[in-house]
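1. pasting the sequence and the predicted coordinates here, then a few questions.
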Amino acid sequence: MRVTSPLLLALLVLLLLPPPSQLRKAGQGRRLKVGRRLLRRDRVRGQGRQGRSGDSRHQVPECSEYSDSEDLFVDCQGRKLSSIPTALSWSRAPDHLLLARNRIRALHDGAFSGFEGLRSLDLQQNRISVLEEGVFLGLIHLTTLLLQHNRLGTLSEEALIPMPALRYLRLHDNPWSCRCTLDSLVRTLQVPSNRNLGNHARCAEPVGLRGRKLRQVDPELLCVELEPPSDPPDPQGEDQRDSTYPLQPIPIRGKPDATTSCHTYLFPTPRLDCRSRDLAEVPADIPWDMVHMDLSQNSLRCLKARDFVEARSLRSLNLSDNNLEDMDTASLSGLLHLHELDLSNNNLHFFHYGVLEDLYFLSLLRLGGNPWVCDYSIHYLVYWLRLHPGVTHSGLLCHSPPELRGKSVEDYVHSYNRACSQTEHSQTEYGQTDPELWVTSMELQEEMEPAHLRGPQKYHVTRLN
Ligand SMILES: *[C@@H]1O[C@H](CO)[C@@H](O)[C@H](O)[C@H]1NC(C)=O
């Protein structure tokens, strides 16, 4: 057949071309240097692509994309995803992929092809029980891989080999089966230079090794049959415990440990989520680089000296909705960069003298929902607030004595001082019995200047012990 007119020819060409949106996609694919060889069918069917059908924008609706100091974050947390969204969907190659709290069960070979630029990958709190050896192929820039709180029983070292830059690997709260197949992983984790790989991960089975840390278990024992010949007799609980193991962290002696009892998020800002964990104590070993820590809705009754001394990067600390009655004078020491402190809805009556002295940079202090007692013990807090006008505070109301209930604590202190400066005689009288009781506000102010503004050796504070 002969084509008779150039117009018809042009029409024919147009019909044969793919729609413009696909053209754009293909162009972007090239830009991302996508290794398409590994693209698998199940990934192409993935949620991302489904969600995008008929939409020419390069955004998976389930996820959001944002930049923070030059890095591109793709945030798909808590989106009920069961597969990895496709790598072609972003405006440029993501540096960080956040997939925590989804429903991913398996990671197949090539699941992250197209994500070769990733430096961190957060897969915590999914249901991953299958992880194929080639899944991380090409992730040569990845430094951080979070796999904690999943259902992994085994993992071969082979899966980690493609990631030469890996420095942080979290594997805890998975039901590790400490048998022969785990041998290569255990040996890798135990190489002394791999300091931050797989800390806190523990064996779930066999019974003889249950609770042992992968980093400490003797690799020679993995290939030995340790289990008793028949199942342990009696307790009905035993079998049940086995099947429900995955989500029960092994109880550790002494203080709970922050990394195992809380959820750690590293990007965009390191954050420790310990909300509603039934904690009766501040967990130990708070990683020094955590910036936000949420301890709200627990059962803390007191804060002890040095509870946060390792958490020197903390900028916000949420202690609301606990039963706090007492905070040791040195309980907040070391929190030199804290900006926000939420103490609302506790059982605090006053602050010990000196407890706030390290908080040079505090800007927000929430105090509501506490039974503040309007007597002399509350004066320290009010003077401290006066000396730190940059601190916005809320909820400081007298709870007792009854005649002051509901009044502002600051008004109470103010009227107290006024009354006292008018009755000099009684001041002297009282002053003899308890000089500290009548120290003037000027004197107090001097005493309470932050350590770094104070004259040298005026007195010595030993708050860090
Ligand atoms: C602290 O946690 C509570 C409850 O979890 C929340 O309502 C409150 O907004 C948090 N405080 C801050 C300052 O974010």
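-> Alright, I've got the coordinates.

2. residue contacts, residue 104?
-> Neighbouring residues of residue 104 by C-beta atoms under 8 Å, 6 or more residues apart in numbering: 81-84, 123, 126-128. Where C-beta positions appear, they are placed from N, C-alpha and C, glycine not excepted.

3. widest-spaced pair of those?
-> The two members of those with the most space between them (C-beta to C-beta) are 84 and 127, at 13.7 Å.

4. more neighbours, these two?
-> Legend: neighbour count by other C-beta atoms under 10 Å for residue 84 and residue 127, higher for residue 84 (27 against 15).

5. what about the closest residue to the more buried one other than its chain neighbours, which SS state?
-> Closest residue to residue 84 apart from its sequence neighbours, by C-beta to C-beta, 6 or more residues apart in numbering: residue 111 at 4.8 Å. Under DSSP: H, G, I helix; E, B strand; the rest coil, the three-state class of residue 111 is coil.

6. what about the biggest helix by length in the chain, average pLDDT?
-> Ranked by number of residues, the top helix in the chain under DSSP state H is helix 409-422. Average pLDDT, helix 409-422: 84.

7. next one: residue 5, what pLDDT does it get?
-> The model's pLDDT for residue 5 equals 55.

8. just checking, what packs against the longest helix of the chain?
-> helix 379-387 (3 or more C-beta pairs under 8 Å, 6 or more residues apart in numbering; DSSP states H and E).

9. what about the stretch 351-465 of the chain, any weak spots by pLDDT?
-> Within the stretch 351-465 of the chain, the segments meeting pLDDT under 70 span 422-465.

10. list the buried residues for stretch 266-283?
-> 266-268, 270-275, 277, 279, 281-283 (16 or more other C-beta atoms under 10 Å).

11. what mean pLDDT does it get?
-> On average, stretch 266-283 scores 92.

12. dihedrals phi and psi, the residue of the stretch 51-200 of the chain found nearest the ligand?
-> Residue of the stretch 51-200 of the chain nearest the ligand, by C-beta to the nearest ligand atom: residue 78 (16.4 Å). The phi and psi values for residue 78, taken as degrees, to the nearest 10, are phi 60, psi 40.

13. ok, it - contacts?
-> 100-102.

14. tell me the spacing between it and residue 126.
-> Distance of residue 78 to residue 126, computed by C-beta to C-beta, to the nearest Å: 11 Å.

15. for the residue nearest to residue 84, report the pLDDT, please.
-> 91.

16. residues near it, how many?
-> Count around residue 111 with other C-beta under 10 Å applied: 25.

17. domain parsing for this protein?
-> 25-174, 258-453 (automatic domain parsing).

18. quick one: distance of the longest one to the chain centre.
-> Centroid separation between domain 258-453 and its chain, computed with C-alpha atoms, centre = their mean, to the nearest Å, is 23 Å.

19. that older thread, most surrounded residue in the contacts of residue 78?
-> Result: residue 102 is most packed of the contacts of residue 78 (other C-beta under 10 Å), 24 neighbours.

20. which residue packs closest to it, ignoring adjacent ones?
-> With C-beta to C-beta, 6+ apart, the residue lying closest to residue 102 is residue 81, at 4.2 Å.

21. what separation do you get for that neighbour and residue 103?
-> 7 Å.

22. could you do residue 354 as well?
-> 49 Å.

23. same question for residue 382.
-> 51 Å.

24. ok, these two, which is more surrounded?
-> When residue 382 and residue 103 are compared for neighbours, residue 382 comes out ahead with 23 against 14, by other C-beta under 10 Å.

25. quick one, what contacts the more buried one?
-> Counting by C-beta under 8 Å, 6+ apart, the residues that residue 382 touches are 396, 409-410, 413.

26. so residue 398 belongs to a strand, correct?
-> Yes. Per three-state DSSP, residue 398 lies within a strand segment.

27. ok, it - contacts?
-> Counting by C-beta under 8 Å, 6+ apart, residue 398 has contacts 372-374, 404-409, 412.

28. same check on residue 168?
-> 143-146, 196-197, 266.

29. in PDB, list the C-alpha atoms belonging to stretch 371-380.
-> Only the C-alpha atoms of stretch 371-380 are listed here, as PDB (Å, rounded to 0.1, in the frame of the first residue of the first chain):
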ATOM      1  CA  PRO A 371      -0.300  19.100  91.400                       C
ATOM      2  CA  TRP A 372       2.100  22.100  92.000                       C
ATOM      3  CA  VAL A 373       2.300  23.000  95.600                       C
ATOM      4  CA  CYS A 374       2.400  26.800  96.200                       C
ATOM      5  CA  ASP A 375       4.700  27.000  99.100                       C
ATOM      6  CA  TYR A 376       8.400  27.900  99.400                       C
ATOM      7  CA  SER A 377       9.500  24.800  97.600                       C
ATOM      8  CA  ILE A 378       8.100  26.100  94.300                       C
ATOM      9  CA  HIS A 379      10.100  29.400  94.400                       C
ATOM     10  CA  TYR A 380      13.200  27.800  92.700                       C
END
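
30. helix, strand, or coil at the most centrally placed residue in the chain?
-> In the chain, the C-alpha nearest the mean C-alpha coordinate belongs to residue 272, at 2.5 Å (C-alpha atoms, centre = their mean). Of the three states, residue 272 takes strand under three-state DSSP.

31. does it touch residue 286 like I think?
-> Yes. Counting by C-beta atoms under 8 Å, residue 272 touches residue 286, with 6.6 Å between them.

32. any common contacting residues for these two?
-> Common neighbours of residue 272 and residue 286 (C-beta under 8 Å, 6+ apart) are 258, 293.

33. name the nearest residue to residue 380, ignoring sequence neighbours.
-> Residue 380's closest residue in space is residue 353 (C-beta to C-beta, 6+ apart), at 4.8 Å.

34. distance of that neighbour from residue 119?
-> Taking C-beta to C-beta, one finds residue 353 at 46 Å from residue 119.

35. residue 126 too?
-> Distance from residue 126 to residue 119, by C-beta to C-beta: 20 Å.

36. who has more neighbours, the two?
-> Legend: neighbour count by other C-beta under 10 Å for residue 126 and residue 119, higher for residue 126 (22 against 16).

37. secondary structure element holding the more buried one?
-> Residue 126 belongs to no helix or strand when assigned by DSSP states H and E.
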